[in-house]
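**Student:** Take this sequence and fold it.
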Amino acid sequence: MSISYQKTLKDDLKFKGIGLHSGVEVNLRIRPMKENSGIIFKRVDLNENNLIYANFKNVVEPILCTKLKNESGVSISTVEHLMAAFYGEGIDNALVEVDAQEIPIMDGSAVDFVDAIRSVGVEEQKEPKKFIKVLKKVEVKDGKKFISIEPLKQDLIIDFELIFNNPLIRTRRKEFKLSNDDLSAIYNSRTFCLYEDIDNIKKMGLAKGGSLDNAIVVQGDKILNDDGLRNRHEFVYHKILDCLGDIMLSGNRIFGHIKTSQGGHALTNKLLKKFFSDGSNWSYENSNNSEKQSQKSYGNPIAIGV
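**Tutor:** Have a look, this model is predicted:
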């Protein structure tokens, strides 16, 4: 394994958009960070206790999005698309400043974040990356739903089966291999919902900012968006995008094979918690001379603060 170094952005990035669930206009700035910082969210609309670390331990109420909360109760929601962009583009260290409680949904995919990252460029840093190596299979089940992770040499595979009681979506399954497959279609795949579920979602206080501009809406066997699907696998590709973003909350990139049927944010978070709860499930593998060290040397993966 050749040495792979940590990366950050070459310059600041700015975005403005609507929060999918809050409906609030959001200003977002992403700043470069030093080595070993990890991904940190900062609520700039608050004056204190406003840092939230991108870590699976901080996930709360993962209903239709991934929400992080710090020890003071300050939260940030809908982080998964941005986190997937960071994973795919190799960003290890960044400060994400946001003036509201939610990351803007943009067009419902990760493509705006990815295009912006590529426009400013990525800076290679001096410290080597650390990777998480899966040592044995771990599985979580919830009725007919399940998600598992098992050993795989120096790669990440996500095998996702999507099952919907809908004549258009039905059952779809795709496997994505990070080292070989083009991420473009996954980055470009939007969030979606069924038309008949919208009222119930809104009664839950969610999707206040949802529209055909930032989500695919399916009614029976029809897509209500004028532009239709961006690719024929868009439904399951978006689920892979979500999974990739949630896996980024492990704090490091993972070498492993993930298999899931009817997975989602909550199930992925349960998997991470179970996986990291037992040190015999995993170890760190440094890209520096392929040095391997057990978790006992480092403790559980977690972002280092500013």
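**Student:** CA only for contacts and neighbour counts going forward, please
**Tutor:** Fine.
**Student:** before we move on, what SS does Gly228 have?
**Tutor:** coil (DSSP: H, G, I helix; E, B strand; the rest coil).
**Student:** tally of neighbours for it?
**Tutor:** 13 (other CA atoms under 10 Å).
**Student:** got the contact list for it?
**Tutor:** For Gly228, no contacting residues are found, by CA atoms under 8 Å, 6 or more residues apart in numbering.
**Student:** Just the pLDDT for it.
**Tutor:** Model confidence at Gly228, expressed as pLDDT, equals 97.
**Student:** ditto for Leu68
**Tutor:** 98.
**Student:** Lys273 versus the closest residue to it other than its chain neighbours, what's the distance?
**Tutor:** Nearest residue to Leu68, sequence neighbours excluded (CA to CA, 6 or more residues apart in numbering): Val59, at 4.5 Å. Between Val59 and Lys273 the computed distance is 10 Å (CA to CA, to the nearest Å).
**Student:** what's the helix or strand for Arg29?
**Tutor:** strand 25-32 (DSSP states H and E).
**Student:** Given that strand, what are its sheet partners and their directions?
**Tutor:** Sheet pairing of strand 25-32 (DSSP bridges) gives strand 13-18 (antiparallel), strand 94-98 (antiparallel).
**Student:** ok now that strand, how far from the chain's centre?
**Tutor:** Offset of strand 25-32 from its chain centre (CA atoms, centre = their mean, to the nearest Å): 17 Å.
**Student:** what's the answer for stretch 88-97, then?
**Tutor:** Worked out by CA atoms, centre = their mean, stretch 88-97 lies 12 Å from the chain centre.
**Student:** Now it: average pLDDT?
**Tutor:** According to the model, stretch 88-97 has a mean pLDDT of 97.
**Student:** Contact partners for the residue nearest to Tyr87 when sequence neighbours are not counted?
**Tutor:** Closest residue to Tyr87 apart from its sequence neighbours, by CA to CA, 6+ apart: Met248 at 6.1 Å. Applying CA under 8 Å, 6+ apart to Met248 gives the contacts Met83, Ala84, Phe86, Tyr87.
**Student:** avg pLDDT for the strand holding Arg29?
**Tutor:** Across strand 25-32, the average pLDDT comes to 98.
**Student:** sorry, back to before: okay if I get the strands paired with strand 25-32 as CSV plus distance to Gly209 and mean neighbour count?
**Tutor:** CSV is the format used below for those (distance: least, CA to CA, whole Å; neighbours: other CA atoms under 10 Å):
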stretch, distance to Gly209, mean neighbour count
strand 13-18, 6, 17
strand 94-98, 17, 23
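**Student:** Give me the spatial nearest neighbour of Phe164, chain neighbours excluded.
**Tutor:** Arg170 (4.9 Å).
**Student:** Would you agree the one you found is in contact with Ile163?
**Tutor:** Yes - using CA atoms under 8 Å, Arg170 is in contact with Ile163, at 5.7 Å.
**Student:** Those two: which has the busier surroundings?
**Tutor:** Counted by other CA under 10 Å, Arg170 and Ile163 do not tie: Ile163 has more neighbours, with 16 against 11.
**Student:** Lys145 is in contact with the more buried one, correct?
**Tutor:** No - applying CA under 8 Å, one finds Ile163 not in contact with Lys145, separated by 9.8 Å.
**Student:** okay, and the common contacts of the two?
**Tutor:** Ser261, Gln262.
**Student:** Span of stretch 17-27 from start to end?
**Tutor:** Stretch 17-27: ends 7 Å apart by CA to CA.
**Student:** And for stretch 209-219?
**Tutor:** Start and end residues of stretch 209-219 are separated by 19 Å (CA to CA).
**Student:** Give the buried residues for that stretch.
**Tutor:** Across stretch 209-219, burial judged by 16 or more other CA atoms under 10 Å covers Gly209, Gly210, Asn214, Ala215, Ile216, Val217, Val218.
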